[in-house]
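> Sharing a model prediction with you, sequence too.
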Amino acid sequence: VPEGHTLFRLARDQNAQFAGRPVRVSSPQGRFAESAALLDGRVLRRVESYGKHLFQVYEPGDAIVHIHLGLYGKVLAGAGAAPEAKGALRLRLEGPGAEGEGEWADLRGATVCELITRAERTAILAELGPDPLHPRPAGPAGSAADGARAAARMARSSKPVAALLMDQAVLAGVGNVYRAELLYRHRVDPLLPGRDLVAQDWAAMWADLVSLMRAGVRAGRIVTTLPEHRSRRSGPARDEDRCYVYRRAGLPCRVCGTTVATAVLVGRNLFWCPTCQNRPVGE
Ligand SMILES: [Zn+2]
């Protein structure tokens, strides 16, 4: 499942491809055809991501395409002429490109692809916790900064931290990989109730999450391991060396050698090291 860094890159790429120019909008599959016809030929003003959501803002008027890739959504894009439209192609954008050479982007398999208004986007955003890739400053009326807003949600909950990190109302954009790896890097027991997470620990985790996700944007993949914990210390991380615990069930922990454990929590596989992530609260 794409995590926030993937959506952030997608928004950036689509801005470079299409923003500020008229686009052809179509739905060869037909499921989005009515909305596509309304948008066809308009200018795509900008594309934004927030958490796991993508918003394409069109002008004139009040028209935004809201996309959530879900489990199976994928975007394929390129320059030049678009390939022949085949299969369940929900949304196709075609633009002139910066130099008139042509740009295209195809969306398939998304959970959500809908035409919404600005007010509807505001309502969607209001349901989401802070996105580590879109830090907002502390607001007026004493509203807390982003990390603190997530902390306040967790401090009220008896749910496991591992469940809260995946809850998009607590944090937007964190998925299964960042969740497992963040808990490991901070040696936090995934089943620790949110209200028992020490404020200082969360502050360190939030700062780490911001830098890990920014690194994910730059690299286009998630790497959480330090070079000394990889099979090869120099050069870029090999794919099998990218994570400490994610999808490493049954393998030895990179730090202590204990077998990495797995269990299903809120419908998703959780991975952790029972030794490294078993420290008493606050130590
Ligand atoms: Zn370990």
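Structure received.

> State the distance from Glu48 to Arg185.
Distance, Glu48 to Arg185, using CB to CB, to the nearest Å: 29 Å. Every C-beta, even on glycine, is put in place using the N, C-alpha and C of the backbone.

> and if you look at Ile64?
Taking CB to CB, one finds Ile64 at 36 Å from Arg185.

> do Val161 as well
For Val161, the distance to Arg185 (CB to CB) stands at 13 Å.

> Gly30 too?
On the measure of CB to CB, Gly30 and Arg185 end up 46 Å apart.

> Those two: which is more packed in?
When Gly30 is set against Arg185 and neighbours are counted by other CB atoms under 10 Å, the residue ahead is Arg185, at 20 against 12.

> Find the nearest non-adjacent residue to Val1, please.
Using CB to CB, 6 or more residues apart in numbering and skipping the chain neighbours, the partner closest in space to Val1 is Gly175 (5.2 Å).

> Report pLDDT for the residue of the stretch 51-200 of the chain found nearest the ion.
For the stretch 51-200 of the chain, the residue closest to the ion is Tyr184, as judged by CB to the ion, at 8.1 Å. At Tyr184, the model reports a pLDDT of 98.

> which residues touch the spatially closest residue to it that is not a sequence neighbour?
In space, and not counting its chain neighbours, Tyr184 is closest to Tyr244: 4.4 Å by CB to CB, 6+ apart. Contacts for Tyr244 (CB atoms under 8 Å, 6 or more residues apart in numbering) come out as Ala180, Glu181, Tyr184, Arg185, Thr224, Thr225, His229, Cys253, Arg254, Val255, Cys273.

> Restricted to helices, list these.
The helices, defined by DSSP state H, take in Ala180, Glu181, Tyr184, Arg185 from the contacts of Tyr244.

> Show me what from the protein comes close to the ion.
The chain comes close to the ion at residues Cys253, Val255, Cys256, Thr258, Cys273, Thr275, Cys276, as judged by CB under 5 Å from the ion.

> Select from those the one having the most neighbours.
Compared across the residues of the chain next to the ion, Cys273 has the highest neighbour count, 23 neighbours, by other CB under 10 Å.

> Helices of the protein, residue ranges please.
Using DSSP H, helices in the chain cover 4-18, 33-39, 118-126, 146-155, 161-166, 176-185, 199-219.

> Spatially central residue for the chain, please.
Against the mean C-alpha coordinate of the chain, by CA atoms, centre = their mean, the closest residue is Gly4 at 1.6 Å.

> My guess is Glu94 contacts Glu101. True?
No - applying CB atoms under 8 Å, one finds Glu94 not in contact with Glu101, separated by 11.9 Å.

> out of the two, which sits in the busier spot?
Glu94 (19 against 10).

> In space, what's closest to that one - neighbours in sequence excluded?
Spatial nearest neighbour of Glu94, chain neighbours left out: Arg24 (4.2 Å); criterion: CB to CB, 6+ apart.

> Let me see the contact set for that neighbour.
Neighbours of Arg24 in contact, by CB under 8 Å, 6+ apart: Asp40, Gly41, Arg92, Leu93, Glu94, Gly95.

> Most neighbours among those residues, which one is it?
With neighbours defined as other CB under 10 Å, the most crowded of those is Leu93; it has 25 neighbours.

> in stretch 247-264, what counts as buried?
Under the neighbour-count criterion of 16 or more other CB atoms under 10 Å, stretch 247-264 has Arg248, Cys253, Arg254, Val255, Val260, Ala261, Thr262 buried.

> Out of those, which two sit at the greatest distance?
Val255 and Thr262 (17.5 Å; CB to CB).

> Contacts only, for the residue in the stretch 1-150 of the chain that the ion sits nearest to.
Nearest to the ion in the stretch 1-150 of the chain, going by CB to the ion, is Glu3, at a distance of 23.4 Å. Going by CB under 8 Å, 6+ apart, Glu3 touches Lys52, Gly173, Val174, Gly175, Asn176, Val177, Tyr178, Met213, Gly216, Ile222.

> Pro2 too?
Neighbours of Pro2 in contact, by CB under 8 Å, 6+ apart: Lys52, Leu69, Gly73, Gly175.

> low pLDDT regions in the chain?
Scanning the chain with the threshold set as pLDDT under 70 gives 136-144, 279-283.

> at 80 instead, please
The model of the chain has pLDDT under 80 over residues 1, 135-145, 279-283.
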